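> this is a predicted model, with the sequence first.
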Amino acid sequence: MSLDIVILAAGQGTRMRSALPKVLHPVAGNSMLGHVIHSARQLQPQGIHVVIGHGAEQVRERLAADDLNFVMQDKQLGTGHAVAQALPAITADTVLVLYGDVPLIEVETLQRLLAKVNDKQLGLLTVTLQDPTGYGRIVRDGEGQVTAIVEHKDASEAQKAITEGNTGILALPAARLADWMGRLSNNNAQGEYYLTDVIAMAVADGLVVATEQPHDAMEVQGANDRRQLSELERHYQLREGRRLMAQGVTLRDPARFDVRGEVTVGRDVLIDINVILEGKVVIEDDVQIGPNCVIKDSTLRKGAIIKANTHLDGAVMGEGSDAGPFARLRPGSVLEAKAHVGNFVELKNAHLGEGAKAGHLAYLGDAEIGARTNIGAGTITCNYDGANKFKTVMGDDVFIGSNNSLVAPVEIKAGATTAAGSTITKAVEPGDLAVARARQENISGWKRPEKIKKS
């Protein structure tokens, strides 16, 4: 069965009170429409057609990709009219209609829905709610067969008492679609062409409307305002938390944890409160992450420890290494096994060899640091001359004294030592001691300046 997917994403979203098109508002670090597209791709369709309108250029610019066909809906005349704009591009056997502001829909739910579709049957995703206000109602006959969908504003009081609502998500045989689209009418309270009217047409043409429901009603929840957006965010995060816990992660508090990307985890991982994982993060077995950490596009090898208030971005933590508290590892930072970066240490494009240590208060940029080398407090690599970056190289077993300035390009070779307070500007040979500081002079009898009294 070949598949075309149509995603409706043309709405303005006035209740968001934002210059940003509604479907671009983020949930878990990705736009709502981005989430829907991600789910659509997992179904491996032959085409994904995104119907855009308000803020079309922003949507196109943000999400442009080779596998997306953007279709313009110049006037928003209803869901039926929106789907009709994509008709010329549809060539598959089956069409699935999704919504750009319904980001939590599960792929497994859509697969169950698509399994309902054949030449004589279409699939409709419905949801049963205690309060279905605003939802179109699913009207069934005495045998329980769906006969029509009535929009809330057009429903009678008896129909409003129906608790089964329409999600709008629909899968249908493409061969019938053009005929049904051509027969739609806008004779209703909104003066719009409702896609839901296709249901009554299908029944009249002798097709069966087969329904499926999501396992979780929040899968089909849309966001029309900021409050609903926040509800989607929290539900997504709790869902991600449950997924990670099922794989062997201990979350100190799933309500205070955020995933904003793709996370791969091992077993016996411990994550404390207020941790944010962004982008692509790989966490191996026995890793511990302390509170208030942000970890982005990074890999944490087995047994790594990230202490409180540490920020990793594009870093690799080796097996048994540790960082923090209050450390910052910027892109290109690599800690080999058992390397240590302590409080108020910043790395950028720096490689620390096995067992190397920078205990506190240091900046190491564009640096290659050998195994077991120790970096004293207050040390910085002076790697930038205002125009170009230069590299600092330290061999194995180097000892860098406190408050050193290492002026790159410079090399401190294996086993060398630099004295505290030194400014190192030239190579230090293996095993040598480099002392590069002004000679101390003590002046006896010196008197401090006194404050001049004002007359």
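Noted; the coordinates are in hand. Residues are numbered from 1 along each chain as shown.

> what are the structural domain limits within the protein?
3-220, 226-434 (automatic domain parsing).

> for the ones you listed, give me JSON lines that also has distance to Ser455.
Bear in mind the C-beta positions are built from the backbone N, C-alpha and C, glycine included. Formatted as JSON lines, these follow (distance: least, CB to CB, whole Å):
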{"stretch": "domain 3-220", "distance to Ser455": "62"}
{"stretch": "domain 226-434", "distance to Ser455": "43"}
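
> to Gln440, which of those lies closest?
Closest approach to Gln440 among those (CB to CB): domain 226-434, 10.0 Å.

> for the chain, which residues score under the pLDDT cut-off?
Within the chain, no stretch has pLDDT under 70.

> all helices of it, in order?
According to DSSP state H, the chain carries its helices in the segments 32-42, 56-63, 79-86, 107-114, 157-160, 174-182, 197-204, 226-246.

> closest to Glu284 out of the ones you listed?
Minimum separation from Glu284 across the helices of the chain (CB to CB) falls at helix 226-246, 13.6 Å.

> what angle sits between the closest one and helix 32-42?
Put simply, helix 226-246 runs at 40 degrees to helix 32-42, going by axes from the mean of the first three to the mean of the last three CA atoms, to 10 degrees.

> what does helix 226-246 rub up against?
For helix 226-246, the external contacting residues (CB atoms under 8 Å, 6 or more residues apart in numbering) are 16-17, 25, 27-28, 32, 103-104, 218, 221-223, 251, 254-255, 257-259, 263, 265, 269, 271.

> in strands, which of the residues you listed appear?
Among the contacts of helix 226-246, the ones falling in strands (DSSP state E) are 27, 251, 257-259, 263, 265, 269, 271.

> Gly182 versus Asp197, what's the distance?
From Asp197 across to Gly182, the span is 12 Å (CB to CB, to the nearest Å).

> comparing these two, which shows the higher neighbour count?
Shown here are Asp197 and Gly182; by other CB atoms under 10 Å, Asp197 has more neighbours (22 against 9).

> most neighbours among the ones in strands among the contacts of helix 226-246, which one?
Highest neighbour count within the ones in strands among the contacts of helix 226-246: Ile271, with 27 neighbours (other CB under 10 Å).

> mind listing the strands for the stretch 51-200 of the chain?
For the stretch 51-200 of the chain, the strands defined by DSSP state E, counting those that start in this stretch cover 68-72, 94-99, 121-128, 137-140, 146-150, 164-173.

> who wins for proximity to Glu441 among these?
strand 68-72 (72.3 Å).

> contacts only, for the nearest residue to Asp101 once chain neighbours are set aside.
Once flanking residues are discounted, Asp101 sits nearest to Gly222: 4.6 Å by CB to CB, 6 or more residues apart in numbering. When contacts are counted by CB under 8 Å, 6+ apart, Gly222 touches 99, 101-102, 228.

> Gly222 and Ile283, how far apart?
Taking CB to CB as the measure, Gly222 falls 32 Å from Ile283.

> sorry, back to before: pick out whichever of the ones in strands among the contacts of helix 226-246 sits closest to Val150.
Closest approach between the ones in strands among the contacts of helix 226-246 and Val150, by CB to CB: Val27, at 30.2 Å.

> do I have it right that the closest one meets Leu33?
No. Val27 lies out of contact with Leu33 (CB atoms under 8 Å); the separation is 10.2 Å.

> what do these two both touch?
Common neighbours of Val27 and Leu33, using CB under 8 Å, 6+ apart, are Pro103.
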